[in-house]
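Student: Okay, here's the prediction I keep looking at, along with the sequence it came from:
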Amino acid sequence: MNIRDLQYVVAVADEGHFGRAAVKCHISQPALSGQILKLEEYLGVTLFERTNRSVQITQIGEQIVEQARRLLVLSNEIVASARAAKDPFSGHFRLGMISTIGPYLSPLILPAIRKEMPDLSLTLVEGFTTDLEKRVADGGLDGAILATVPGSRYFKDISLYFEPFRIALPRGHRFSKKKSIDVSELAHDELLLLADGHCLRDQMLDVCHASTASTNVNTRETSLETLLALVASGDGVTLVPALVRPEGGDHDCAVVMRREATQSTGRTVRLICRETFPQSELLSRLASIVRNSVSKTDVKILNG
């Protein structure tokens, strides 16, 4: 049994098809099937149930695939450790960001990353929190910038900054002349929310002490920018993180931003990675770049 055999097993589990797995692994289908049969004979168990139409993973196969994933992650980290010893700020880093952070933080940090780590090849991936966490755990991503506490104890968590929420109102709204607004003053039936899967949705509901089951909260399966377009058209109001549209940026705009009166509502943005991820110097530099890049905005820098 070797690393390549484990790669084949994981590919078949992911694709649910020997042909597609073979293409993914750059090998012929007969060769891939033969290697997995040899592995099953060596282990003395059946990993996949095969029919002419489908491939089903067995119960023991599921356990072995998960163990194989962890071993593949560790093998990649051995290579990363060796590279980091030569130059900790080079190589390839895959960074995930949730969609309510990525479009607003990326323009701030990318110029600094290119300047301070010119030999680093950075890939950015947007997605939902649960998907990004899974991809970090499985080794598909090296780290992710999220706005919730990670759901696994196997993650390292680096706090970056606290981002307050602003209340977005259509110009001419009854509260638009106020400098700050208490969220308790907002009517639940005028509140616009993102769809399920966005952590920002849950944070908004928590801040407003609202429940979609008991109120007429408006849910929209769209982006945050489109939600702001709905606010501009007078469809309702919403809460947005401070980086989305800086305070004072509402001149000649149909949307106005107002502070939340308690100044305590917001979200903690953090960088997560696997506990075993070997490039600690790179992570520290990345965290420092993020903090420095947002330091002149209306967020509170966190350390730790």
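Tutor: It's in.

Student: where in the protein is pLDDT low?
Tutor: 84-86, 209-217, 246-252, 304 (pLDDT under 70).

Student: Tell me which residue lies farthest from the centre of it.
Tutor: Glu41 (39.3 Å; Cα atoms, centre = their mean).

Student: how about the helix or strand hosting that residue: buried residues?
Tutor: Using DSSP states H and E, Glu41 falls within helix 29-43. Buried residues in helix 29-43, counted by 16 or more other Cβ atoms under 10 Å: 32-33, 35-36, 39-40. All C-beta spots, glycine's among them, are computed from the backbone N, C-alpha and C.

Student: Figure out how far it is from the centre of its chain.
Tutor: 35 Å (Cα atoms, centre = their mean, to the nearest Å).

Student: Ok, stretch 156-168 next?
Tutor: On the basis of Cα atoms, centre = their mean, stretch 156-168 sits 14 Å off its chain's mean C-alpha point.

Student: And that stretch, what's buried?
Tutor: Quick answer for stretch 156-168 (16+ other Cβ under 10 Å): 156, 158, 160-161, 163-168.

Student: sorry, back to before: mind putting the buried residues of helix 29-43 into JSON lines with distance to Val231?
Tutor: Listed next are those as JSON lines, based on distance: Cβ to Cβ, whole Å:
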{"residue": "Leu32", "distance to Val231": "52"}
{"residue": "Ser33", "distance to Val231": "55"}
{"residue": "Gln35", "distance to Val231": "56"}
{"residue": "Ile36", "distance to Val231": "54"}
{"residue": "Leu39", "distance to Val231": "56"}
{"residue": "Glu40", "distance to Val231": "57"}
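
Student: Go through those and name the one nearest Thr276.
Tutor: Of all those, Thr276 sits closest to Leu39, with 24.8 Å by Cβ to Cβ.

Student: mind checking which helix or strand the nearest residue to the closest one once chain neighbours are set aside is in?
Tutor: Spatially, and ignoring its direct neighbours in sequence, Leu39 is nearest to Asp5 (4.9 Å; Cβ to Cβ, 6 or more residues apart in numbering). Following DSSP H and E, one finds Asp5 within helix 3-15.

Student: and for that helix, what are the contacting residues?
Tutor: In this structure, residues lying in contact with helix 3-15 by Cβ atoms under 8 Å, 6 or more residues apart in numbering are 18, 21, 24-25, 27, 32, 35-36, 38-39, 47-48, 55, 57, 61-62, 64-65, 68-69, 71-72, 75.

Student: quick one: which of the residues you listed sit in helices?
Tutor: Counted as lying in helices by DSSP state H, out of the contacts of helix 3-15, are 18, 21, 24-25, 32, 35-36, 38-39, 61-62, 64-65, 68-69, 71-72, 75.

Student: Return a selection command, for use in ChimeraX, containing the buried ones of the residues you listed.
Tutor: Buried members of the ones in helices among the contacts of helix 3-15, defined by 16+ other Cβ under 10 Å, are picked up in ChimeraX with:
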select :18,21,24,25,32,35,36,39,61,64,65,68,69,72
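
Student: ranges for the helices of this protein?
Tutor: Under DSSP H, the chain gives helices at 3-15, 18-25, 29-43, 59-86, 102-116, 129-138, 199-207, 224-232, 280-294.

Student: Tell me which of those lies nearest to Thr265.
Tutor: Nearest to Thr265, of the helices of the chain and by Cβ to Cβ, is helix 199-207 at 4.6 Å.

Student: And that closest one, what's buried?
Tutor: Those buried within helix 199-207 under the rule 16+ other Cβ under 10 Å are 199-201, 203-205, 207.

Student: Could you export those residues to TSV, including columns for distance to Glu225?
Tutor: What follows is the buried residues of helix 199-207, written out as TSV (distance: Cβ to Cβ, whole Å):
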residue	distance to Glu225
Cys199	17
Leu200	13
Arg201	15
Gln203	18
Met204	16
Leu205	20
Val207	20
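
Student: Let me know the closest of these to Ile272.
Tutor: Of those, the one sitting nearest to Ile272 (Cβ to Cβ) turns out to be Cys199, at 13.0 Å.

Student: Quick check, the closest one in contact with Val149.
Tutor: No: using Cβ atoms under 8 Å as the test, Cys199 is too far from Val149 to be in contact (10.3 Å).

Student: now the residue farthest from the centre of the chain: how far from Leu122?
Tutor: Remark: distance between Glu41 and Leu122 (Cβ to Cβ, to the nearest Å) = 43 Å.

Student: show me what contacts the closest residue to Leu302 other than its chain neighbours?
Tutor: The spatially closest residue to Leu302, leaving aside those adjacent along the chain, is Ser159, at 4.1 Å (Cβ to Cβ, 6+ apart). Applying Cβ under 8 Å, 6+ apart to Ser159 gives the contacts 268-270, 302-304.
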